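Student: sharing a sequence plus its predicted fold:
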Amino acid sequence: MKKIMILLFVSLFTFSANSNAKSITLGWAAWDPANALQELTKEFTAETGIDVNFEFVPWPNFADRMLNELNNKGKTFDLLIGDSQWIGAGAVYGHYVKLNDFFDKEGISMNDFSPATVYAYSTWPKGSENYYALPAMGDALAWAYRKDWFDRPELNSEFKKKYGYDLGVPANWNQLHDMCSFFQGREIDGQKRYGAAINTERGSEGITMGVTAAMYAWGMEYENPNKPYDMEGYFNSPQAVEAVEFYRKLYEDCAPPGHSDAYMVANLDAYKSGQVAFQMNWYAFWPGVSKEDSDGRVSGFFANPKQNVAAATLGGQGISVVKYSDKQDLALEYIKWFARPDVQQKWWDLGGYSCHNDVLNSPSFPTSTVYAQGFLDSMGIVKDFWQEPTFVELMLPMQEAIHDYVVNGKGTAKGALDKIIEEWVEVFEADGKL
Amino acid sequence: MSVKKKFKGLSDKAVAWLFIGPSVFLLLAINIYPLIYAIRMSFTNFYANKIGREPQFVGLKNYIKVLNKEAIWEKMQVTANFMFWTLLLQAVIGLGLALLLNRKFKGNELLTTLIVLPMMLSPAVVGVFWTYLYNPQVGLFNYVINFFHDFGSFDMIGSSVLAPWSIVIVDTWMWTPFTMLICLAGLRSVPNYLYEAAEVDRASKWQQFIYITLPSVLPFLLLALLFRGIENFKMFDMVVELTSGGPGSATELASINLKREAFEKWKTGYSSAFAVILFVTIFGFGNVYVKVMNKIKER
């Protein structure tokens, strides 16, 4: 009996030692693309024998959970698919492994990936050739709409009579407002419908991601291009003020009742339950939305409309190796595998958004899905929030001030933007940038 | 080995220390040390997320900054409003329910159990399900209010006027049973002969309430309010789940702001100073309150 126990103990120990040596853990947000990646990764395990464990954190807690882990030099994750804004902190505070030598050794070229995604997800300082991530998931804020309602002749003729043009993909934000207002409170198939489910979330980044979609389209710049961190007259320019005022108007005139703290899931719910004609959301969700079209619902998709300029809010993430991991070699092996063009093609086929040129430049890509062309258009015009190491400190005052103005109806748009600049100056001063 | 034998040879003092030692150690490690560390940090410009950056001594700068920041006073005002209305409502309704349940009637025990249920739930869960109850389209709250008077669709957590009330209502719903239970304990400790004597003296029910019931139950009620006051001063989870401090900052209590400064912006020095100020405030109020309560008890 004693011998059996010893044997059992030794085999258990060996098994656990082996499984530890050949497994890595990948952290990401809990959403549809993460499930697609889990599916894709089965091939990696089959090829290499390396098990990949996944920890997917719900979006509202994603940044808190991951950034705390990195700040505490945690070893939970070997690979992390972190938000684009984290790249500055990942590089400056040494959380991410610099990948240049690895890329050179393995022949992975950043020229093989879409330039906008390399710039946004991989480099720090921005635009340099220091790479801390491989572009993993291209994404931008876009719009889905009820194409089946738009195609109804009676609705179209009523709309045309009122506004003088056809219901369709809005050419600019004014048309978007017209269309959303048209559907607001309208009864369709015996149910009351509303205009648009837009981002209004207060706690993490929701309303900022939403309002910047308008601000970028109006031509807002964060800073003076010739004098970094000089924000006065840029971030609070008349165009930026007009954009914020417009976003409030869109919220007041077109959002469904109770849509005052809504982001990804709430927008999806409002759309899927048939409440709204439009929803603002990330491309990442469109495969799911498209697949779930049923009961007569037909979804159409389009890139963020332009106003003064064509622009879209950047989403998406790069995949990085965590500096504190004891299994960096295995994690790098995963990145090497993931960078392969054939794997990238499968990634797109499964519902992930590849950033690889071979996939994006393929002649069949634009027609491969109903949202593929929109994705291509968007990735050419994306703009991102600050990617500074202090991005959370920069995000929070914007969340508060914009929510206070748009949802709470307090103060003026100019006042809100001035207040944000005031807070940002303080953050940059504390960080030694000003 | 018997306890007696085990401790043989140890003095009474040593045995006493043996028993209280672990508690003292835990108290020092979990409460006192972090407190002293936070006080020390409050005099520095420390950022917990800036690895390798040594904190520098900045004197009273953080305290001056906190006290001069208009936004902080706004959060304190939101907290004060929240505390005032929740304590007032919980005192009045809690005492009322206790008086009701102190009477003997059929179903008394079942009713007590039902009333006590909300305080057994997790505050985070309560916050989440009340967001559904408050939903202007499908929520029960709108339906019930509109059943009595047609106000139309209104958004409790999206309106800056209604949102502060939305958190007051939920906290009152959840914690009035606590006040009620403490008051009920007080009511049941009042000896019956006092009421019998009052009856003999032909005192009215109102006089009995004013001169017997209220003075007897007041120390209990004040104790319940002390507990609730301390809890509501540091209220966090329920409000975060319900409103995230919004719309804008309409329901951003001091504790929510402190968490954002400390663990999202990582302004460790600044937030330590803010935490110390909050601690001193609640400690000061608590002390004054306990002294007043003791005086009432002595009367």
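Tutor: Yep, that arrived.

Student: switch to C-alpha atoms for all contacts and neighbour counts from now on
Tutor: OK.

Student: for the stretch 1-150 of chain A, just list every one of the helices.
Tutor: A:2-21, A:32-48, A:59-71, A:87-92, A:100-106, A:115-121, A:147-150 (DSSP state H, counting those that start in this stretch).

Student: now the stretch 51-200 of chain B
Tutor: For the stretch 51-200 of chain B, applying DSSP H, counting those that start in this stretch gives helices covering B:61-68, B:70-101, B:108-116, B:123-133, B:140-148, B:163-188, B:192-200.

Student: quick one: end-to-end distance for stretch A:105-112.
Tutor: Distance across stretch A:105-112, first residue to last, is 16 Å (Cα to Cα, to the nearest Å).

Student: could I get the buried residue list for that stretch?
Tutor: A:108, A:110 (16 or more other Cα atoms under 10 Å in any protein chain shown).

Student: list the contacts of it.
Tutor: A:103, A:118, A:336, A:339, A:356, A:357, A:358 (Cα atoms under 8 Å, 6 or more residues apart in numbering or on different chains).

Student: just the buried ones from these?
Tutor: Applying 16+ other Cα under 10 Å to these flags A:103, A:118, A:336, A:339, A:356, A:357, A:358 as buried.

Student: max pairwise distance over the residues you listed: which two?
Tutor: A:103 and A:358 (17.7 Å; Cα to Cα).

Student: residue contacts, residue B:296?
Tutor: Each residue near residue B:296 by Cα under 8 Å, 6+ apart is listed here: residue B:219.

Student: where's it, which helix or strand?
Tutor: If you go by DSSP states H and E, residue B:296 is part of helix B:268-298.

Student: how far off helix B:61-68 does that helix point, in degrees?
Tutor: Taking axes from the mean of the first three to the mean of the last three Cα atoms, to 10 degrees, one finds helix B:268-298 and helix B:61-68 inclined to each other by 60 degrees.

Student: tell me the buried residues in helix B:268-298?
Tutor: Applying 16+ other Cα under 10 Å to helix B:268-298 flags B:268-278, B:282, B:286, B:293 as buried.

Student: how about stretch B:31-38?
Tutor: Buried-residue list, stretch B:31-38, by 16+ other Cα under 10 Å: B:35, B:38.

Student: find the closest residue to chain B in chain A.
Tutor: residue A:404 (3.5 Å; Cα to the nearest Cα).

Student: tell me if that residue really is in a helix.
Tutor: Yes - judged by DSSP: H, G, I helix; E, B strand; the rest coil, residue A:404 forms part of a helix.

Student: okay, now it: neighbour count?
Tutor: 23 (other Cα atoms under 10 Å in any protein chain shown).

Student: and what of residue B:11?
Tutor: Neighbour tally, residue B:11, other Cα under 10 Å: 10.

Student: do residue B:120 as well
Tutor: 11.

Student: relative to residue B:114, how far out is it?
Tutor: The spacing between residue B:120 and residue B:114, counted by Cα to Cα, is 11 Å.

Student: what's near enough to touch residue 174?
Tutor: Using chain A. Going by Cα under 8 Å, 6+ apart, the list of residues near residue A:174 reads residue A:307.

Student: that's the other chain; I wanted chain B
Tutor: B:118, B:119.

Student: how long is stretch B:44-61 from one end to the other?
Tutor: 9 Å.

Student: okay, buried residues for it please.
Tutor: Buried, per 16+ other Cα under 10 Å, within stretch B:44-61: B:44, B:45, B:46, B:47, B:48, B:49, B:50, B:55, B:61.

Student: burial of residue 131, as a residue count?
Tutor: If you meant another chain, say so; for now it's chain A. 27.

Student: I was thinking of chain B, sorry if that wasn't clear
Tutor: For residue B:131, using other Cα under 10 Å, the count is 18.

Student: that one reaches residue B:240, doesn't it?
Tutor: No - assessed by Cα atoms under 8 Å, residue B:131 is found out of contact with residue B:240, at 10.9 Å.

Student: can you pull the residues of the stretch 51-200 of chain B lying near chain A?
Tutor: By the rule Cα under 8 Å from any Cα of the partner chain, the part of the stretch 51-200 of chain B lying against chain A is B:51, B:135, B:136, B:137, B:153, B:154, B:155, B:157, B:158, B:159, B:160.

Student: redo the helices of the stretch 51-200 of chain B as a markdown table? Include mean pLDDT and distance to residue A:227.
Tutor: Output for those, formatted as a markdown table (pLDDT from 0 to 100; distance: least, Cα to Cα, whole Å):
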| stretch | mean pLDDT | distance to residue A:227 |
| --- | --- | --- |
| helix B:61-68 | 95 | 29 |
| helix B:70-101 | 96 | 30 |
| helix B:108-116 | 92 | 62 |
| helix B:123-133 | 94 | 45 |
| helix B:140-148 | 88 | 52 |
| helix B:163-188 | 96 | 42 |
| helix B:192-200 | 93 | 82 |
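
Student: of those, flag the one that's most buried.
Tutor: Using mean count of other Cα atoms under 10 Å in any protein chain shown, the stretch among the helices of the stretch 51-200 of chain B with the largest mean neighbour count is helix B:163-188, at a mean of 22.

Student: let me see the confidence value for residue A:72.
Tutor: We have a pLDDT of 86 for residue A:72.

Student: phi, psi of it?
Tutor: phi -90, psi 10 (degrees, to the nearest 10).

Student: closest to the centroid, which residue in the chain?
Tutor: In the absence of a named chain, this looks at chain A. residue A:315 (2.6 Å; Cα atoms, centre = their mean).

Student: chain B, not that one
Tutor: Central residue of chain B (Cα atoms, centre = their mean): residue B:231, at 2.0 Å.

Student: what mean pLDDT does the host helix or strand of it get?
Tutor: Using DSSP H and E, the element containing residue B:231 is helix B:214-233. When pLDDT is averaged over helix B:214-233, the result is 94.

Student: which ones among the buried residues of stretch B:44-61 are found in strands?
Tutor: Judged by DSSP state E, strands contain none of the buried residues of stretch B:44-61.

Student: nearest to residue A:131, of those?
Tutor: Checking the buried residues of stretch B:44-61 one by one against residue A:131 (Cα to Cα), the nearest turns out to be residue B:50, at 21.0 Å.

Student: who's in contact with the closest residue in space to the closest one that isn't next to it in sequence?
Tutor: Spatial nearest neighbour of residue B:50, chain neighbours left out: residue A:93 (6.9 Å); criterion: Cα to Cα, 6 or more residues apart in numbering or on different chains. Counting by Cα under 8 Å, 6+ apart, residue A:93 touches A:389, B:50, B:51.
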